[in-house]
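Peer 1: A predicted structure for the sequence below; I have some questions about it.
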2 protein chains.
Amino acid sequence: MSQARERGIPDATVARLPLYLRALNGLAERGTATVSSEDLAVAAGVNSAKLRKDLSHLGSYGTRGVGYDVQYLIYQISRELGLTQDWAVAIVGVGNLGRALANYGGFVSRGFRVAALFDADTSVVGERLVGMPVEHIDELEDVIRTRDISIVVIATPAAAAQPVADRVIASGITSILNFAPVVLNVPDGVDVRKVDLSTELQILAFHEQRKADRESGSPIMAENLAEAMDA
Amino acid sequence: MSQARERGIPDATVARLPLYLRALNGLAERGTATVSSEDLAVAAGVNSAKLRKDLSHLGSYGTRGVGYDVQYLIYQISRELGLTQDWAVAIVGVGNLGRALANYGGFVSRGFRVAALFDADTSVVGERLVGMPVEHIDELEDVIRTRDISIVVIATPAAAAQPVADRVIASGITSILNFAPVVLNVPDGVDVRKVDLSTELQILAFHEQRKADRESGSPIMAENLAEAMDA
DNA sequence: CGCACTTTGTGCATGTCTTCACAAAGGGAT
DNA sequence: ATCCCTTTGTGAAGACATGCACAAAGTGCG
């Protein structure tokens, strides 16, 4: 049995568990009862050895010669990720992105509940969205405490992000999902995850450029030497 | 000098270059002419040794005893990321998320231009957004070719994402930014980057749960829950 | 010029992540 | 019960990433 359930799941593994969970939910919907690491790995788009090692960090939940019980594995991963409880989430900033997030089905479905919406713009305050009224940012501290919010999503313009972060941290929040394109300055013990649209595009552009270079470009590359000389 | 500009910048480095670029742009706006690796590292939220090693992969652009010239470094990173040219981007799926993306200032500002918007819903087609009409998804292949689109952003519902991916790849696209919560199946040579809202939340929940466990919790409880589930 | 000071660029050690490859474990058929 | 087949869980090796610590390189002052 070894040290399977000792605390300390690698970050890289934690980052992939949601992926496995989604693949498993897909299988469950199609009525699949058990799945091998090989099949699940394909569904999740990873290498099967990696998948097995990842799952081994949670415990020994497979059956040799058979595979993993889909429902049981869903439960185990959900529990490990903390999705067997409900997390109350607040969204700050109700622009297009905030609306997209609020409407996003995946939020509500599994473990997360949008419990508050905030904006600084008084022409938006009062509007109802997914059954919730948009509240003024002045209510932030009160609402976080009274509604037991534990995760805050920042979807404000860049300039507003740091002040909002400071305020929610002062109210006891230690988990922030930041969509604003700034590096948030936070004290130890506060987790910030950043989702950045333009960063992702820039990484794509880098690879796209390299592909273009490879095709038409560098005379130094051996494959192209012959053609370069023909010209 | 050594082998600075040989091809092969580590992925981890590429992923951080956009971060440095943003920090540098912030400094440039405030009129800073040069910056040390230490100060830039703080602005970008990384370790200064890592920053220097990352930059060393691009070449030797610093001056010992002084630091880096802000404007020059901005140019060098931009060039490496391929931002000195304009990339025509198409957004497929004009729901709240698609609108948020289209309106997002960061897109246009630096190297990227929204050149087409598509949706399958005929009640959305024809609407104008950031000066572009929303076009019907049937036009996808034609527009990609005639407008020289090189990057496609998928912001559709989950079920539509794979068919859209298949079609854009058949039209010659090799760079996709996917916001739909599915693993896209693509041939070799096609780059897909995935942005997943619920994955990020789940990772936060994991860490939040661990913080809670550490304060108040018995580590044995989890084991018992699992057994209760078996019954 | 020479010296003191700053800051880069990098060799090296350390740590983390990935992948291979296989022994051990279970299922099912005869 | 025995054998064969499938599939897990993991030790070990390799690849990759990080961070320390310092020599080399530059600035500017006296």
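Peer 2: Noted; the coordinates are in hand.
Peer 1: list the helices and strands the longest strand seen in chain A packs on?
Peer 2: In terms of residue count, the longest strand belonging to chain A (DSSP state E) is strand A:112-119. Under the contact criterion of 3 or more CB pairs under 8 Å, 6 or more residues apart in numbering or on different chains; DSSP states H and E, strand A:112-119 touches strand A:87-92, helix A:96-103, helix A:105-109, strand A:132-136, helix A:140-146, helix B:197-216. C-beta coordinates here come from the backbone N, C-alpha and C atoms, glycine included.
Peer 1: tell me which residues in the fourth one are buried?
Peer 2: Same thing as strand A:132-136. Within strand A:132-136, the residues scored as buried using 16 or more other CB atoms under 10 Å in any protein chain shown are A:132, A:134-135.
Peer 1: quick check, nearest of those residues to DNA strand C?
Peer 2: Using CB to the nearest atom of the strand, A:Met132 comes nearest to DNA strand C of the buried residues of strand A:132-136, at 36.6 Å.
Peer 1: please name the bridge partners of the closest one.
Peer 2: A:Leu129 (DSSP bridges).
Peer 1: surely A:Phe118 is in contact with A:Ile137?
Peer 2: Yes. Judged on CB atoms under 8 Å, A:Phe118 makes contact with A:Ile137 at a distance of 5.0 Å.
Peer 1: ok, the two, which is more surrounded?
Peer 2: A:Phe118 (26 against 20; other CB atoms under 10 Å in any protein chain shown).
Peer 1: the more buried one and B:Val89, how far apart?
Peer 2: Separation of A:Phe118 from B:Val89 (CB to CB, to the nearest Å): 31 Å.
Peer 1: same question, A:Asp213
Peer 2: When A:Asp213 is compared with B:Val89 (using CB to CB), they lie 20 Å apart.
Peer 1: neighbour count for the two, which is higher?
Peer 2: B:Val89 (25 against 13).
Peer 1: contact partners for the more buried one?
Peer 2: B:Val89 makes contact with A:201, B:107, B:112-115, B:149-153, according to CB atoms under 8 Å, 6 or more residues apart in numbering or on different chains.
Peer 1: any chance of those residues in JSON lines, with distance to B:Gly126 too?
Peer 2: What follows is the contacts of B:Val89, written out as JSON lines (distance: CB to CB, whole Å):
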{"residue": "A:Leu201", "distance to B:Gly126": "27"}
{"residue": "B:Phe107", "distance to B:Gly126": "22"}
{"residue": "B:Phe112", "distance to B:Gly126": "24"}
{"residue": "B:Arg113", "distance to B:Gly126": "21"}
{"residue": "B:Val114", "distance to B:Gly126": "17"}
{"residue": "B:Ala115", "distance to B:Gly126": "17"}
{"residue": "B:Ile149", "distance to B:Gly126": "20"}
{"residue": "B:Ser150", "distance to B:Gly126": "25"}
{"residue": "B:Ile151", "distance to B:Gly126": "24"}
{"residue": "B:Val152", "distance to B:Gly126": "21"}
{"residue": "B:Val153", "distance to B:Gly126": "20"}
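Peer 1: let me know the closest of those to B:Leu83.
Peer 2: B:Leu83 lies nearest to B:Phe112 out of the contacts of B:Val89, by CB to CB, at 8.2 Å.
Peer 1: contact partners for that closest one?
Peer 2: A:198, A:201, A:205, B:86-87, B:89, B:151.
Peer 1: for those residues, work out which two are farthest apart.
Peer 2: Maximum pairwise distance among the contacts of B:Phe112 (CB to CB): 14.5 Å, between A:Ser198 and B:Asp86.
Peer 1: run through chain A and note the low-pLDDT ranges.
Peer 2: A:1-7, A:106-109, A:216-231 (pLDDT under 70).
Peer 1: apply 80 and report the result again.
Peer 2: Across chain A, the ranges flagged by pLDDT under 80 are A:1-7, A:105-110, A:213-231.
Peer 1: quick one, domains of it?
Peer 2: A:11-81, A:87-195, A:200-230 (automatic domain parsing).
Peer 1: would you turn those domains into JSON lines with distance to DNA strand C?
Peer 2: Listed next are those as JSON lines, based on distance: least, CB to the nearest atom of the strand, whole Å:
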{"stretch": "domain A:11-81", "distance to DNA strand C": "3"}
{"stretch": "domain A:87-195", "distance to DNA strand C": "15"}
{"stretch": "domain A:200-230", "distance to DNA strand C": "17"}
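Peer 1: circling back: can I get the buried part of the contacts of B:Phe112 as one PyMOL selection?
Peer 2: The following PyMOL line selects those of those that are buried, judged by 16+ other CB under 10 Å:
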select buried, (chain A and resi 198+201+205) or (chain B and resi 87+89+151)
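Peer 1: rewinding a little: which among the contacts of B:Val89 count as buried?
Peer 2: Neighbour-count burial (16+ other CB under 10 Å) applied to these gives A:201, B:107, B:112, B:114-115, B:149-153.
Peer 1: may I see the residues you listed organised as JSON lines, with distance to DNA strand D added?
Peer 2: Putting the buried ones among the contacts of B:Val89 into JSON lines (distance: CB to the nearest atom of the strand, whole Å) gives the following:
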{"residue": "A:Leu201", "distance to DNA strand D": "20"}
{"residue": "B:Phe107", "distance to DNA strand D": "27"}
{"residue": "B:Phe112", "distance to DNA strand D": "25"}
{"residue": "B:Val114", "distance to DNA strand D": "31"}
{"residue": "B:Ala115", "distance to DNA strand D": "32"}
{"residue": "B:Ile149", "distance to DNA strand D": "29"}
{"residue": "B:Ser150", "distance to DNA strand D": "25"}
{"residue": "B:Ile151", "distance to DNA strand D": "23"}
{"residue": "B:Val152", "distance to DNA strand D": "26"}
{"residue": "B:Val153", "distance to DNA strand D": "25"}
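Peer 1: of these, closest to B:Ile169?
Peer 2: Nearest to B:Ile169 among the buried ones among the contacts of B:Val89, with distances taken as CB to CB, is B:Val152, at 9.0 Å.
Peer 1: is chain A contacted by whichever strand or helix holds that closest one?
Peer 2: Using DSSP states H and E, B:Val152 maps to strand B:151-154. Yes. If you take CB under 8 Å from any CB of the partner chain as the test, strand B:151-154 does meet chain A, through B:151, B:153.
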